[in-house]
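1. have a look; sequence and predicted model below, questions after that.
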Amino acid sequence: MFLGLAELRHAPGRFVVLGVVLGLLVALMTALATIADRHVTDLTGKVATSPADLLVLDAAAQGALQASRIDDEAAAHVRQHAAGAELAPVGEQRMGARVADGELLDLSLWGLDPDSPAAPEVIAGRLPRQPGEAVLDVADRAQGAALGERLTLVDTGTVLEIVGFTAEARFGAIPTAAVTYDAWTEIAAEAADADPDEVEPTAMAVRADGGVEELAAALNGSSSPVQAAPPSSLASQLPGVAGVRASFGLLLGVAWMAVAAVAATFAVAGVAHRQRTIALLRAVGAPRRRLLAALTVQLLVVTAVGAVLAALLVVLAAWLAPADVPLRWEPGTWAASAAVALAATLMASAVAVVRLARVAPVDALGARR
Amino acid sequence: MTGARLALAELRARPGRATLTSVGLALVLLLALSVTALADGLVRGSTGVLRALDADVVVTDEAANHQLLRSRLVGAERTALLMRPDVATAGQIGLVPTSASVGGGAPERVTAVGFSPDAPAMPRDTVDGRLPRPGEPGSAAVDVALAGGDVVVGDTLSLAGEREVEVVGLVDDASFLQQPTVWLGQHDWARLRQAVQRDADYAEQLVGATVLQSTEHPEAVATAITEEHDELAVTTREGAVAAVPGVSAQQVTLGAVVAVTLAVAVGLAALIGVLQVLERRALLTALRAVGAPARTLLASVAVRGVLLWVGALIVSTAATVILATVAPPSVPMEVRPVIVASVGGISLVAATLGVTAAAWPILSRLDPQDAVAEEPL
Amino acid sequence: MSETGVPGDLVIRADRVTKVYEDGERQVTAVDGVDLSVHAGELVALVGPSGSGKSTLLALLGALTVPTRGAVRLGDWDLGTLSEASRTRLRARHIGFVFQAANLVPYLTARDNVALAGELVGASRRASRREAEGLLVEMGLADRLGHLPGALSGGERQRVALARALLVGPRLLLADEPTASLDSDRAEQVMGLLAGAARAEGRAGVVVTHDPAVAAWADRVLWLHDSRLVVPDGGEERTVGEFSRG
């Protein structure tokens, strides 16, 4: 350990460069993992945080809520197979909206009855209980939303009062608001110039009184007009989620390999550059494991410094990032990225063993082996 | 040129030494290329519909705020806009999310695009067959991405499990929100919409956005229409592309990731520059002693770095293409030559600067006298 | 010879030692059937032209490499039969080296370079540094303890290397051209210290050199030519004057 640290103190320049490179890579990994998580949460939050045991969609919608309508036949199918379970209709519709007199927002408006399996959890205020009341996702406080503030739906001119906030409840990467199901039906009908009686629920929420899996299996039987799944499972099937996970997973894998390769390049080049010193140390009786330990200590110290640098970079980037960039400082994600980078570094020092083994103590003499 | 010759001679003599360095470089470049290709693929996969059209201005209702899916304009606005002198032609499009299955296969999510038979509302090109003609119900042109690319002209398509249409043509690069599109005449589209959104008003017309070809600069036309029509949200095609949900956030986010990756590349280049000099210190000192100027040695280090970079770029490009091929279909990576050229070009310039900036301080301090010193340290 | 002029215990012995190495597709014999014995209190000089096998023989005696044929014994150990790890431990505990170049770790101070030898045999860092300081003071380097090798003169560096070689009290002291890059005054100073150390405390020393002035410090001079000892160990030895005439 002493040998490794002594060299770090003696020639800090190249270690600083390596630390910066590793720091940037760890920052990149942290950012990628955070962005992937936030993307998925922003795409699915409203579904994933549903307290229902099961959500039921039109089978033809292929898991896409926007393409789902529960018609009479589908509703009858659900009632028949979920006898005894508590059912509630769920509505979802995209609209333009303004908080107070703010900018025009894209909004996903949900119809969810309080005291039903579909009722969302509020973290402030209360659930809407009558027409003209709405809860909004807390992320949209940045838009000026506050309890008692107005939310205007531009498509219909409907003015709602914000009576509560939900958390982690974005959907399709846009803000969400929820009103009672009846209020939603009125608004959806008005937006479509239709009769409220013609408006069909987008989905149904189910609270099972027994086995959830058995109930899902019963609802999903062959040639079923519906698809039933727990909210978390449905969330992962929503459009874009698989793509985000696979894409960012792939990028994280490449970044991890890059960390390992950069550290290995440095370790191997370091052995080559210090060949004579290593040969001298071997000649005077330093075992290989001691030299390897020195190299590993150096890499670990540099990676740890890089990880701290990465934390600073991510905090800074999260602070400077525009509101629509889902980058936040999440210590857990940073710690995981740093741990993964340290593992890659350890692997890299293992690569240096090969090069280290080639340095013979006799090289210190310049004599032939 | 002496520097270049030195670099080439060393690479020829000791190719193994460069291997690991090249792997590190190639992985960082692979990361930069993958992120860029992914960002490109995500944006293109979300905006193909708009890019496929021969329109330069997109009009939605004010509440829809440039969102095609939410816009509820009908033919009246198109007719009114056609009267303007700064509008050459106008068409109407409507989008509805649904599902489609080819030849009884598994259904997949698609966006059905209804279009009026006007130039700005029609895809510019078909890669096979043709577009559905007016008064030809039951026909569709489909995105080649449908059914994993296995769809051909003549196939039967079941939409939402309710309506069957025959494929009469194929269009390319026309997806919307990462979903393939199915292009329908207005009659088929209106009926499909009624089938999947039973609460929607039924009309034999397209409900959606109006698209224009302007006679003047599109931005000026968009501004002029916006000023005259409070009830409309008007933007250029590029503006509409940026307004597609997620596109601007993805561009900013992944753009930042690409920038950080390029910064990593520069840092790595600097590290390689430092290591190259340190590893060859004795040799470089000897060369200084026999009269090689420091700038020649710098050139040799820079040329070696650039050669490694070019090699790594070739390897990483091949790896990115392989990655894009073997990645699951949900990963929308597109490796286009322009991406390789831009990432390669920018990173090469950055890398050259990184190598030389890092190597020069050490090279310039090499003392030729050390070549005959008592003991090399 | 020891101070009494009576040979002490046998420290190291080479029996018909041969070292063959591969040079591409060619086999080259670097040391060919050398017999050699060095006793406690004795300093032996190995001399010969470049490529004669001096350094390879020193490497064989120092357990830096193993013979292709024959045996090298240090005390009771047959060096050729030891594992690499055992030879590493043996070098750390029983053999001190002074090399011609790259003799010190460039990023350790003079004190830490010397103390390293103690740490390699398991002594605490603190104790090793204390002992190192004592030795360096004895070598006239009291004011150079905290200096890095780059800040020392050639003679100082060799004295630091000698201190490192002696710290753990090795049985065998090996030196490879220890004065090659020093002027005559400094060479004299270093050789005085080295010869004194080699003959002390039942230790034996072997020094490889081109320099007749260095060889003159030795009790015996063995001449290698074409990988063989020209006058076999135990035979009639050449004088320094004869050696210098070739």
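-> Now that the structure is in, tell me what you want to look at.

2. list of residues touching the longest helix seen in chain C?
-> In chain C, with assignment by DSSP state H, the single longest helix is helix C:184-199. Here helix C:184-199 makes contact (CB atoms under 8 Å, 6 or more residues apart in numbering or on different chains) with C:2-3, C:41-43, C:98, C:139, C:153-155, C:158-159, C:162, C:165-166, C:173, C:175, C:178-179, C:182, C:203-205, C:207, C:211, C:213-214, C:217-218. C-beta coordinates here come from the backbone N, C-alpha and C atoms, glycine included.

3. out of the residues you listed, which are inside helices?
-> Residues of these located in helices (DSSP H): C:154-155, C:158-159, C:162, C:165-166, C:213-214.

4. may I see those organised as JSON lines, with neighbour count added?
-> Output for the ones in helices among the contacts of helix C:184-199, formatted as JSON lines (neighbours: other CB atoms under 10 Å in any protein chain shown):
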{"residue": "C:Gly154", "neighbour count": "19"}
{"residue": "C:Gly155", "neighbour count": "20"}
{"residue": "C:Gln158", "neighbour count": "32"}
{"residue": "C:Arg159", "neighbour count": "26"}
{"residue": "C:Leu162", "neighbour count": "26"}
{"residue": "C:Ala165", "neighbour count": "28"}
{"residue": "C:Leu166", "neighbour count": "25"}
{"residue": "C:Ala213", "neighbour count": "14"}
{"residue": "C:Val214", "neighbour count": "25"}
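
5. in chain A, where's the longest strand?
-> Assignment by DSSP state E gives strand A:86-99 as the longest strand of chain A.

6. adjacent strands (with direction) for the helix or strand that it is followed by?
-> Using DSSP states H and E, the helix or strand that follows strand A:86-99 in sequence is strand A:105-112. The strands beside strand A:105-112 in its sheet (DSSP bridges) come out as strand A:86-99 (antiparallel), strand A:176-179 (parallel).

7. so what does the helix or strand harbouring B:Ala341 touch, helix or strand wise?
-> Here B:Ala341, judged by DSSP H and E, is contained in helix B:337-365. Where contact means 3 or more CB pairs under 8 Å, 6 or more residues apart in numbering or on different chains; DSSP states H and E, helix B:337-365 is packed against helix B:15-52, helix B:247-279, helix B:294-326.

8. relative to B:Thr236, how far out is the closest residue to B:Pro120 other than its chain neighbours?
-> The shortest distance from B:Pro120 to any non-neighbouring residue, by CB to CB, 6 or more residues apart in numbering or on different chains, is to B:Ala55 (3.6 Å). Counting by CB to CB, to the nearest Å, the gap from B:Ala55 to B:Thr236 is 10 Å.

9. neighbour-wise, which of the two wins?
-> B:Ala55 (28 against 20; other CB atoms under 10 Å in any protein chain shown).

10. got the contact list for that one?
-> B:91, B:120-121, B:211-213, B:237 are the contacts of B:Ala55 under CB under 8 Å, 6+ apart.

11. chain B contacts on chain C?
-> C:101-104, C:106, C:149-150, C:154, C:157, C:181-182 (CB under 8 Å from any CB of the partner chain).

12. and these, which is the shakiest by pLDDT?
-> The member of the residues of chain C next to chain B with the lowest pLDDT is C:Ala102, at 58.

13. and B:Val211, what is it in contact with?
-> Neighbours of B:Val211 in contact, by CB under 8 Å, 6+ apart: B:53, B:55, B:57-59, B:90-93, B:120-121.

14. at 7 Å what do you get?
-> B:Val211 sits next to B:53, B:55, B:58, B:91, B:93, B:120-121 when contact means CB atoms under 7 Å, 6 or more residues apart in numbering or on different chains.

15. could you find the closest non-adjacent residue to the residue in chain C positioned nearest to chain A?
-> The nearest approach of chain C to chain A comes at C:Ala92, 2.4 Å away (CB to the nearest CB). Spatially, and ignoring its direct neighbours in sequence, C:Ala92 is nearest to A:Gly285 (2.4 Å; CB to CB, 6+ apart).

16. and for B:Arg70?
-> B:Ala64 (4.1 Å).

17. burial measure for the one you found, as a count.
-> Look at B:Ala64: counted by other CB under 10 Å, it has 26 neighbours.

18. likewise for B:Leu254?
-> 22.

19. mind checking how far A:Leu107 is from B:Ala76?
-> Taken as CB to CB, the span from A:Leu107 to B:Ala76 is 26 Å.

20. between these two, who's got more neighbours?
-> Applying other CB under 10 Å to A:Leu107 and B:Ala76 shows that A:Leu107 carries more neighbours, namely 27 against 10.

21. tell me the domain boundaries of chain B?
-> Listed domain ranges for chain B are B:2-46+B:248-371, B:49-243 (source: automatic domain parsing).

22. out of these, nearest to A:Phe165?
-> Between A:Phe165 and these, the shortest gap by CB to CB is with domain B:2-46+B:248-371, which sits at 22.1 Å.

23. just how off-centre is that closest one within its chain?
-> Centroid separation for domain B:2-46+B:248-371 versus its chain: 23 Å, with CA atoms, centre = their mean, to the nearest Å.

24. mean confidence score for it?
-> Domain B:2-46+B:248-371 shows a mean pLDDT of 80.
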